[in-house]
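1. Let me see the structure of the following:
(chains A, B, C and D)
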There are 2 protein chains.
Amino acid sequence: MATVRDVAERAGVSIATVSFVLNGTKPVTAATRNRVESAMSELGYHRNVLARALAARRTRIIALAHPRLDNGFGSDFITSASRAARARGYHLVLWPVDNDSDEIGELIGQGLVDGVVLMEVLLEDARVEALLAAGTPFALIGRTADPAGLIHVDIDFDQSMSDALDHLQELGHQDITLITATQPLPEYGPKVRSEAAYRRLCAKRGLRPFLLECEPTVAAGRAIQLPPGTTAVILMNELAGFGLLSQLAGAGIDVPADLSILSFGSPALAPIAEPQLTIMRAPGAILGTLGVDALIDHLETPGPTPPPQLHPCTLEPGASTTLRR
Amino acid sequence: MATVRDVAERAGVSIATVSFVLNGTKPVTAATRNRVESAMSELGYHRNVLARALAARRTRIIALAHPRLDNGFGSDFITSASRAARARGYHLVLWPVDNDSDEIGELIGQGLVDGVVLMEVLLEDARVEALLAAGTPFALIGRTADPAGLIHVDIDFDQSMSDALDHLQELGHQDITLITATQPLPEYGPKVRSEAAYRRLCAKRGLRPFLLECEPTVAAGRAIQLPPGTTAVILMNELAGFGLLSQLAGAGIDVPADLSILSFGSPALAPIAEPQLTIMRAPGAILGTLGVDALIDHLETPGPTPPPQLHPCTLEPGASTTLRR
DNA sequence: CTGAAAGCGCTTACAG
DNA sequence: CTGAAAGCGCTTACAG
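-> Below you'll find the model as predicted:
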């Protein structure tokens, strides 16, 4: 592998000059620049990111801390996050850490990364404390209970719920039940915020709120007992949704003629349902890009905390919602 | 952040000695070791991985090169791969690269990683050539057309297909149709190998082979025309499977009474189907661990190419297969 | 605009 | 068993 020294020698300049053209950090005459650039391409020079990082005290590596990946928008998110990082000349390392301050503290101490993107943020999150204590810049995917002053991107649950209700109300529905999933951890942000948004919007719109929750399984969905009078359902429990569909089919209740279903879920599963589900699609890929960009922006031009980036889910019409009869 | 220098000073030794106890590379008396270790813990010392990497010419970072993640065992695989790396003291960086030799060549040139795990390997893969040319160690998840001499881990398609046929034959089936998915790229290893295994095993077992393929969509599944006489189906096309189930239900054909279905697929989707699908589950998490471990083993003790690690899918009984009537 | 030199925080021959 | 010193491949004040 060629080094700056090789390039400098071939171009007849000092290694400092090579560095200046490499980084554009100081003015260099066109002639010198050309000599350096041809030397680089002739030698197939690639700068060593490790040495650069050590000397510059900036690694241009960021971590994606993920307790687990099996949920929600996992794959989309990761693909877009790693692409976003690469697009800005950064590398993304994966840190499989639990919500544990020691574990992340140890990782931070290694000095490998300039910042951290935190997935699966809890309302109370020990990792956030560790990051704050270490002075390591970070961006949250999701939000703690009080995210003021923290860089974060998240689903806009208010807007999403509003859009969901709009869709159903435009179809004439007024008795709309919200079905969520029982969570292993009590304080799960998306659920808490969605329920709050639903309650608030119902009050504001003069709708009677019906909230239900069940385990995220097909079997639990089969056992759902909808409140009498319900003509539409907002689902935040994809698996139970399939159970519910099966239960309804068995009972001769037609979807959407008798009951409209709007499901917060993934486009992968929607076409499997019968009828194909109308979904509110989570902006996984968008959040990946926003989170990484927000962090890198902050790393490159530190300043006051940028405003949160909240992005709503997108309505993707299927065949499971229709006019109330 | 404390450095080796701080530790050395506090312990009253040289930085070399600190390094020796850090790495266990040279014998150190118990007394000295103790002094160094207490100094380290008192200072909350963490070794800087960048500096170590630069000095030792080994970064202990490996890359996971992934064209896209949306397919197959994506999330499971990545989670297990990143855990496996961490368990061995390595970091895993994500490289979102297409099957393009330039792109991966540029990334390798940066000197960030000791080796690469390659996902989504094609029968002819430009990235493999680039890696070979650069002399960068790598492990394949999947296989090229001729993987001899390359470290690789993959699904054992022969064994998996054999297990699938065993299951169905034990239930009395002899007319077994294999349904695969049309691929965007012509030479897709899993499909090619599965079909070959199916053909070979049918011949060996005196079964008549029926092969079908269709687009990986629910709609395509609805349009499948099974060969007359088929009593069981092996599906390697999950989405089409749902379409097929729907088609059969509409035609009054009972699964599994009239037709058994064994699907190579994910445990996430199996319970959604009605009846719940009997599946051959891809060993995504296992391959993640095996791939990373194989690469790191080779990095730490170079030697002849270790034998390929082939791991079969696991039969997970559902309610979609039963005795032939 | 360009260069000589120090330094980032480690590891590793080489000596003793 | 321990230490002094060189060096990994860069960046960045500091001078000129």
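2. Show me which residues of the stretch 51-200 of chain A sit near chain B.
-> A:51, A:53-54, A:59, A:61, A:64, A:66, A:68-70, A:74-76, A:78-79, A:82-83, A:85-86, A:91-96, A:106, A:109-112 (C-beta under 8 Å from any C-beta of the partner chain). Yep, even glycine has a C-beta here, placed from its N, CA and C like the rest.
3. quick one, domains of chain A?
-> The domain map for chain A lists A:4-47, A:61-155+A:285-312, A:157-281, with the assignment taken from automatic domain parsing.
4. DNA strand D: which of those is closest?
-> Nearest of these to DNA strand D, taken as C-beta to the nearest atom of the strand: domain A:4-47 at 3.2 Å.
5. and that closest one with chain B, contact?
-> Yes: using C-beta under 8 Å from any C-beta, a contact is recorded between domain A:4-47 and chain B, made by A:Gly44, A:His46, A:Arg47.
6. Can I take it that the last one is in a helix?
-> No: the assignment for A:Arg47 by DSSP: H, G, I helix; E, B strand; the rest coil gives coil, which leaves it out of any helix.
7. neighbours around the nearest residue to it once chain neighbours are set aside, how many?
-> Distances taken as C-beta to C-beta, 6 or more residues apart in numbering or on different chains place A:Leu22 nearest to A:Arg47, at 6.0 Å, with adjacent residues excluded. The number of residues packed around A:Leu22, counting by other C-beta atoms under 10 Å in any protein chain shown, is 17.
8. just how off-centre is the host helix or strand of A:Ile279 within its chain?
-> Assessed by DSSP states H and E, A:Ile279 sits inside strand A:278-281. In terms of C-alpha atoms, centre = their mean, to the nearest Å, the centre of strand A:278-281 is found 17 Å from the chain centre.
9. Neighbouring strands - and their directions - for that strand?
-> Pairing partners of strand A:278-281, with direction, according to DSSP bridges: strand A:260-265 (parallel), strand A:314-316 (antiparallel).
10. what's in contact with the first one?
-> Put plainly, it is strand A:260-265. Under the criterion C-beta atoms under 8 Å, 6 or more residues apart in numbering or on different chains, residues A:160, A:164, A:167-168, A:171, A:173, A:194, A:231-236, A:238, A:241, A:244-245, A:255, A:270, A:277-282, A:313, A:320-322, A:324 lie in contact with strand A:260-265.
11. So how do I select the buried members of the residues of the stretch 51-200 of chain A next to chain B in PyMOL?
-> Under the burial definition 16 or more other C-beta atoms under 10 Å in any protein chain shown, those of these that qualify are selected in PyMOL by:
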select buried, chain A and resi 53+54+59+61+64+66+69+74+75+76+78+79+82+83+85+86+91+92+93+94+95+96+109+111+112
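12. so what's the most centrally placed residue in chain A closest to, chain neighbours aside?
-> Centroid-nearest residue in chain A: A:Leu287, 3.9 Å away (criterion: C-alpha atoms, centre = their mean). In space, not counting the residues next to it along the chain, A:Leu287 is nearest to A:Val153; the distance is 5.4 Å by C-beta to C-beta, 6+ apart.
13. Show me what that neighbour bridges to in the sheet.
-> When assigned by DSSP bridges, A:Val153 has beta-bridge partners A:Ile141, A:Gln309.
14. wait, isn't it in contact with A:Ala139?
-> Yes: with contact taken as C-beta atoms under 8 Å, A:Val153 and A:Ala139 are classed as touching, separated by 6.7 Å.
15. what do these two both touch?
-> Common neighbours of A:Val153 and A:Ala139 are listed as A:Gly291, A:Ala294 (criterion: C-beta under 8 Å, 6+ apart).
16. residue contacts, A:Ser38?
-> A:Ala11.
17. Would you check how far apart it and DNA strand C are?
-> As judged by C-beta to the nearest atom of the strand, to the nearest Å, A:Ser38 and DNA strand C stand 14 Å apart.
18. before we move on, what about A:Met236?
-> For A:Met236, the distance to DNA strand C under the criterion C-beta to the nearest atom of the strand works out to 47 Å.
19. Can you list phi and psi of that residue for me?
-> phi -120, psi 50 (degrees, to the nearest 10).
20. ok, now A:Asn23?
-> Dihedral pair for A:Asn23: phi -100, psi -10, per degrees, to the nearest 10.
21. ok, it - contacts?
-> For A:Asn23, no residue counts as a contact, taking C-beta under 8 Å, 6+ apart as the criterion.
22. Please, which helix or strand holds A:Asp102?
-> Remark: A:Asp102 resides in helix A:101-109, with elements defined by DSSP H and E.
23. Please identify the buried residues of that helix?
-> Neighbour-count burial for helix A:101-109, with 16+ other C-beta under 10 Å as criterion, is recorded at A:Ser101, A:Glu103, A:Ile104, A:Gly105, A:Leu107, A:Ile108, A:Gly109.
24. before we move on, what about stretch A:194-205?
-> Under 16+ other C-beta under 10 Å, the buried positions of stretch A:194-205 are A:Ser194, A:Glu195, A:Ala197, A:Tyr198, A:Leu201, A:Cys202.
25. Correct me if wrong: the second one contacts A:Thr180.
-> Yes: here A:Glu195 reaches A:Thr180: they are 6.5 Å apart, a contact under C-beta under 8 Å.
26. C-terminal to the helix or strand encompassing A:Glu42, what's the next element?
-> When elements are assigned from DSSP H and E, A:Glu42 belongs to helix A:30-43. Scanning forward in sequence from helix A:30-43, with DSSP H and E defining helices and strands, the next element found is helix A:49-56.
27. what about the helix or strand that comes right after that next one and DNA strand D, touching?
-> Beyond helix A:49-56 on the C-terminal side, the first helix or strand identified by DSSP H and E is strand A:61-65. No: applying C-beta under 7 Å from any atom of the strand, one finds strand A:61-65 separated from DNA strand D by no less than 14.4 Å.
28. Confirm A:Ala139 sits in a strand?
-> Yes: counting by three-state DSSP, one finds A:Ala139 located in a strand.
29. Against which helices or strands is the helix or strand immediately after the helix holding A:Asp102 in the chain packed?
-> The first helix or strand that comes after helix A:101-109 along the chain, using DSSP H and E, is strand A:115-118. In this structure, strand A:115-118 packs against strand A:61-65, helix A:126-134, strand A:138-141, helix A:284-300, with contacts taken as 3 or more C-beta pairs under 8 Å, 6 or more residues apart in numbering or on different chains; DSSP states H and E.
30. Okay, now the sheet partners of strand A:115-118, with direction.
-> strand A:61-65 (parallel), strand A:138-141 (parallel).
31. could those strands go into a markdown table alongside distance to A:Thr32 and mean pLDDT?
-> Shown next, in a markdown table, are the strands paired with strand A:115-118 (distance: least, C-beta to C-beta, whole Å; pLDDT from 0 to 100):
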| stretch | distance to A:Thr32 | mean pLDDT |
| --- | --- | --- |
| strand A:61-65 | 31 | 97 |
| strand A:138-141 | 39 | 96 |
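32. So for B:Val121, which of the ones you listed sits nearest?
-> In terms of C-beta to C-beta, the element of the strands paired with strand A:115-118 nearest to B:Val121 is strand A:61-65, at 23.7 Å.
33. Just to check, A:Leu171 is in contact with A:Pro317?
-> No: with contact defined as C-beta under 8 Å, A:Leu171 does not reach A:Pro317; the gap is 11.0 Å.
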